[in-house]
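Enquirer: this one's sequence-less:
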């Protein structure tokens, strides 16, 4: 079992940057893909991007491609979401999740989320 805790959210102006962290418990973390998702009130949870267990394969949604970067440090049991050039529409609660595979993933474990608010 994996427990995930997101951190790093906050208030930032448009064009600014934030880095979210996803800290995991459990030695199995290094074998799992990690995904990032976001959700705003009244909307479905939206896929942001994901990274394979090794960090070698990364995928992004069109909405964030070129602005967000996912990375991970398996020695620290932590994944990151670097968000640059933030837009108002990036405001959401951001979640990380893990899956045994990055292709056709099944996101089994989720964190509690961290709020990101982008203001003009």
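Expert: Nice, thanks for sending it over. Everything quoted here is computed from the prediction, not taken from an experiment.

Enquirer: Low-confidence stretches in the protein?
Expert: Applying pLDDT under 70 to the chain flags no residue at all.

Enquirer: show me the contacts for the most centrally placed residue in it.
Expert: Nearest to the centroid of the C-alpha atoms of the chain, with distances taken as CA atoms, centre = their mean, sits residue 36, at 2.8 Å. By CB atoms under 8 Å, 6 or more residues apart in numbering, the contact set of residue 36 is 20, 22, 48-50, 68, 70, 79, 81, 94-97. Using the backbone N, CA and C atoms, a C-beta is placed for each residue, glycine as well.

Enquirer: for those, which one is nearest residue 118?
Expert: Checking those against residue 118 with CB to CB, the nearest one is residue 94 at 11.7 Å.

Enquirer: how far away is the closest one from residue 76?
Expert: Plainly put, residue 94 is 19 Å away from residue 76 if you go by CB to CB, to the nearest Å.
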